[in-house]
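curious how this folds, go ahead:
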Amino acid sequence: MSEKHPTHRTDAPAASGPVRNEIADFVKKVGQLARPNAGEDGRLLFAMDATMSRQPTWDMAVSLQAGMFEAIPKEAALQVQLIYFRGLGECRASKWVRDAGALAKMMSTIACQGGNTQIGKVLGHARDEHGKRRIHAVVYVGDAVEENVDALCAKAGELGLMGLPLFVFQEGRDARVEAAFKEFARLSKGAYARFDSGAPQQLADLLRAVAAYASGGRSQLKLETSPAARGLLTQIEGR
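Residues are numbered from 1 along each chain as shown. Here you go, the predicted structure:
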């Protein structure tokens with residue numbers, strides 16, 4: 001990909017049919033992933049842009065993150081790690097947690113701050129953590145790319161070679177951001193979807209679908225009733 005320039009933030013318009021189609025495409029691709037081995041916890045790295053423009057979406061994610069855990073049955077296990085960046089070079093990762101309360105508590109203490117994106121640090125952290133113990137999926141939520149896109153593509157491709165898919169959720173409709181995010185997803189063998197911050201159910205369905213599958217595959221998804229989860233289950237059971 002030849003894009004060299006940073007992509008900037010734009011306001012998100014109302015949701016539309018194409019957004020719903022992208023979500024359907026996303027869950028279809030998630031259904032093609034390998035599930036965790038029996039007895040193995042699903043592991044999901046939840047990455048978010050916490051720069052100033054992200055405050056509304058951050059607050060929304062805090063309220064939605066419990067759904068990631070509710071998407072799996074009691075006998076299953078899902079570990080989630082939060083990583084975020086903000087301000088002047090700050091990029092931090094939490095410990096791995098197994099319950100919604102712990103994750104919500106961590107997220108509620110974080111205030112968004114102005115600064116540029118640090119997606120490269122997120123991808124580097126995902127690579128290092130995956131090298132220690134397998135991660136089944138990485139979710140990234142953001143609205144901009146202010147780094148060298150080709151360098152980020154190289155890191156995304158490295159994740160793909162390691163078998164670590166990146167699922168990128170874009171807020172807004174900036175075409176340059178969309179092109180970059182789609183390329184990150186393609187190179188890592190993951191998927192891309194766009195959501196509207198004014199329609200939180202879109203993001204909720206995406207997070208629940210990823211969490212359900214990351215925690216153990218189709219048996220977990222059968223417990224979900226959202227359109228996103230039903231679409232995913234239909235795709236994988238058709239194989």
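
quick one: contacts for E171?
12, 57, 141-143, 194-197 (Cβ atoms under 8 Å, 6 or more residues apart in numbering). C-betas here are computed from N, CA, C, even on glycine.

pull up the gap between it and A151, please.
E171 sits 23 Å away from A151, taking Cβ to Cβ, to the nearest Å as the criterion.

just Y140 next, same as before
16 Å.

and these two? which has more neighbours close in?
Y140 (24 against 13; other Cβ atoms under 10 Å).

mind listing residues that contact the host helix or strand of that one?
Under the criterion of DSSP states H and E, Y140 resides in strand 137-142. Strand 137-142 is contacted by residues 30, 33, 44-49, 54, 57, 61, 117, 119, 122, 126, 159, 164-171, 181, 184, 188, 190, 203, 206-207, 210, 213-214 when judged by Cβ under 8 Å, 6+ apart.

pLDDT score for the residue sitting nearest the centre point of the chain?
Most central in the chain under Cα atoms, centre = their mean is V139, positioned 1.7 Å from the mean C-alpha point. Here, the pLDDT recorded for V139 equals 90.

partner residues bridging it?
F46, F167 (DSSP bridges).

quick one: it from G89, how far?
Taken as Cβ to Cβ, the span from V139 to G89 is 23 Å.

all helices of this structure, in order?
17-30, 55-64, 66-70, 100-108, 119-132, 149-161, 175-187, 200-214, 218-221, 227-237 (DSSP state H).

confidence-wise, which of these is weakest overall?
Looking across the helices of the chain, the weakest by mean pLDDT turns out to be helix 227-237, at a mean of 50.

now do the contacts for V97.
79-81, 103, 106.

I meant G163, not that one.
By Cβ under 8 Å, 6+ apart, the contact list for G163 reads 134, 189.

quick check: phi and psi at it.
G163 adopts backbone torsions of phi 80, psi 30, taken as degrees, to the nearest 10.

and it, what's its pLDDT?
87.

next one: it from W96, what distance?
Taking Cβ to Cβ, one finds G163 at 19 Å from W96.

may I have the beta-bridge partners of the residue lying closest to K95 once chain neighbours are set aside?
Distance criterion Cβ to Cβ, 6 or more residues apart in numbering; nearest residue to K95, sequence neighbours excluded, is Q81 at 7.1 Å. Assessed by DSSP bridges, Q81 has beta-bridge partners L45.
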